[in-house]
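Participant: Here you go, sequence then predicted model.
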Amino acid sequence: MKKISRLTSALMMVLLFLSLSSISFGGVSPEITASEPTNLENIGPQLAFYLTRQGQFLSDPEKEANGVLKKIGKAISEVSDLSGKDLIAYAAFITTLDMDKTSSNPFVPIEKWTDSQKQRVNELMDSNKDILEKIATKVSIPQVGYYFKGIVDPIKLSKLIEDLIANPPQKLKIKPAQLSKIRDRLLPLLSIAKRAVLAGSFSEKGITFQLEFLTSEETQKLLEMLKTVGNFTFSKFIDSEALFSAAQIQNSLPPAEAMEQLSQIPQTEIVKNMLASSGLDLEKDILPTATQETVFSMNLSPKGEGGFPDARIIAKVATPSALLELLPKLKDFATKCGFFVSTEDYKGVLTARLSFFLLPTLRICVALEDNLLYIATGRDVLVSEIERVKNILSGKKDAFKIPEGVQRYYRFAIPLLNAQLQEILQSPLLANKGIPPIPNMDNAENFGVSTLQTRVVDQAVELIVEIPFK
């Protein structure tokens, strides 16, 4: 029982975290007035989660050769007396009244749902039947494996938070400052979506799931801003040999509109004044050069200067000629911010190297070739990246391909982690620094290359996660 409670709690936190990482939102916190706490029997579920077994998958975890599957199987089999069942279902019926009960468990198993609760859970699932079926076709329900689905209702969670603020449970001993943070930070986040829907599967092939955040009317304008226009051409530069890589495409707002939004942030005025001291104007000089597509790659291998990890960024510059004209002023600005800047024609590439006085061993190297801005942790790394991109453009090296319509793509080659972790620990940067030995990650060899993809579609944000097993 406790394991499922932790599982459902973790699911709620994952849903909230992923929604925050996909879109940002600023809103006015609602006024909360005192009210009577809601009766448990009269509320609908804030969350519902189902897990269904197909075939006899993981019925005997000890026989599994894959260490990851063995651990997952054991975790499921240890859930109270539900190990032999083909269906596990829990729903969250939470009120502030429950928070003052020492023995209260708001995550209620299906066997203990009242008739009213069953009806309300069924209504929640039925109202999202179409979207669940759509997601199910994408995650591919296995013939032998587990299929899971869940729904979080942010509107009901918001009502719970409002109830919590208006009637703070004595047991929780929440301070007024903490209540203010809950109101100011969590409620605007919950207002982003009117529903979060999850469906996924896991089998001997791996874990796949999709989260879909159905946006509320208040955030439709924000969603339109996040939609991108044009093809994601930069995805072809994703490095298939890197430990971690990421790529994204985003719209560039007109400078005046972007400036209007930035003016609402108090720190913007400080940045404007700092830029002005070097003859730069934030709206006229900096914002028009904003990048539209970026690719980031990283290996823990200490190939960067000073033994730093190999990290690289490629960015598509909107107006490279304008950026070149600003270089003298940008160099002056960097110097005033505490950076030492040196330029050099290195192996046929004009490069700039920046080092910060507080961290002189870290050197950031920059180069501009055509409309591509390159940033790396060393000049050799920089030149190597430029050469890799040129080979892709010329057809000498295969271009990376991602599914159509993806706007953000993250790739994590877990099998490379252990070897690279030991490399960086033995590098000049960390060797003999008193760092205790760090063991290898268990079962890393049982994973394939994992990916996270996001799309902004009509009235929704989609997140697709794929974690293959070997």
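Facilitator: Right, received. Where do you want to start? Residues are numbered from 1 along each chain as shown.

Participant: in the host helix or strand of Val121, what's buried?
Facilitator: Taking DSSP states H and E as the criterion, Val121 maps to helix 115-126. Using 16 or more other Cβ atoms under 10 Å as the test for burial, helix 115-126 gives Gln117, Arg120, Val121, Leu124, Met125. Yep, even glycine has a C-beta here, placed from its N, CA and C like the rest.

Participant: Please apply the same query to stretch 157-171.
Facilitator: Applying a neighbour-count criterion of 16+ other Cβ under 10 Å, one finds Leu157, Ser158, Lys159, Leu160, Ile161, Glu162, Asp163, Leu164, Ile165, Asn167, Pro168, Pro169 buried in stretch 157-171.

Participant: Dump these to TSV, plus pLDDT and secondary structure.
Facilitator: Output for the buried residues of stretch 157-171, formatted as TSV (pLDDT from 0 to 100; DSSP: H, G, I helix; E, B strand; the rest coil):
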residue	pLDDT	secondary structure
Leu157	79	helix
Ser158	79	helix
Lys159	78	helix
Leu160	76	helix
Ile161	76	helix
Glu162	77	helix
Asp163	74	helix
Leu164	71	helix
Ile165	73	helix
Asn167	70	coil
Pro168	67	coil
Pro169	65	coil
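
Participant: Work out for me the element Ile72 sits within.
Facilitator: Using DSSP H and E, Ile72 sits in helix 67-77.

Participant: And that helix, what's buried?
Facilitator: Buried residues in helix 67-77, defined by neighbour count with 16+ other Cβ under 10 Å: Val68, Leu69, Lys70, Ile72, Gly73, Ile76.

Participant: And these, which is closest to Ile402?
Facilitator: Nearest to Ile402, judged by Cβ to Cβ, of the buried residues of helix 67-77 is Val68 at 25.1 Å.

Participant: mind listing the helices for the stretch 301-450 of the chain?
Facilitator: Using DSSP state H, counting those that start in this stretch, the helices assigned to the stretch 301-450 of the chain run over residues 320-325, 327-336, 379-394, 417-425.

Participant: Of all these, which one is nearest Glu111?
Facilitator: For the helices of the stretch 301-450 of the chain, the distance to Glu111 is smallest for helix 417-425, at 40.7 Å, taking Cβ to Cβ.

Participant: How about residues contacting the closest one?
Facilitator: With Cβ atoms under 8 Å, 6 or more residues apart in numbering as the test, helix 417-425 has contacts from 243, 299-302, 309, 430-431, 435, 437-438, 440-441, 444-445.

Participant: Restricted to strands, list those residues.
Facilitator: Asn299 (DSSP state E).

Participant: Tell me which two of the contacts of helix 417-425 sit farthest apart.
Facilitator: Across these, the longest distance by Cβ to Cβ is 25.5 Å; it joins Ala431 and Glu445.

Participant: For those two, indicate the residue with more neighbours.
Facilitator: Taking other Cβ atoms under 10 Å, Ala431 and Glu445 do not tie; Glu445 has more neighbours (15 against 12).

Participant: residue contacts, that one?
Facilitator: Contact analysis of Glu445 by Cβ under 8 Å, 6+ apart lists Pro415, Asn418, Lys470.

Participant: Sticking with Asp268, tell me its helix or strand.
Facilitator: For the record, residue 268 is Thr, not Asp. Following DSSP H and E, one finds Thr268 within helix 267-276.

Participant: Residues contacting that helix, please?
Facilitator: Here helix 267-276 has contacts from Leu262, Asp281, Leu282, Asp285, Ile286, Phe333, Lys336, Cys337, using Cβ under 8 Å, 6+ apart.

Participant: now with 7 Å?
Facilitator: The contact list for helix 267-276 (Cβ atoms under 7 Å, 6 or more residues apart in numbering) reads Leu262, Asp281, Leu282, Ile286, Phe333.

Participant: what's the angle from that helix to helix 327-336?
Facilitator: Calculated by axes from the mean of the first three to the mean of the last three Cα atoms, to 10 degrees, helix 267-276 forms an angle of 120 degrees with helix 327-336.

Participant: please begin residue numbering at 57 from this point
Facilitator: Will do, 57 is the new start, and the previous item becomes helix 323-332.

Participant: Now helix 323-332: buried residues?
Facilitator: By 16+ other Cβ under 10 Å, the buried positions in helix 323-332 come out as Lys328, Leu331.

Participant: Could you give the separation of that helix from the chain centroid?
Facilitator: In terms of Cα atoms, centre = their mean, to the nearest Å, the centre of helix 323-332 is set 30 Å apart from its chain centre.

Participant: I'd like the mean pLDDT over it, please.
Facilitator: Computed over helix 323-332, the mean pLDDT rounds to 88.

Participant: again with stretch 268-284
Facilitator: Mean predicted lDDT for stretch 268-284 stands at 69.

Participant: Mind jotting down where the strands sit in the stretch 57-206 of the chain?
Facilitator: Ranges of strands in the stretch 57-206 of the chain, per DSSP state E, counting those that start in this stretch, are 103-110, 143-148, 163-165, 201-208.
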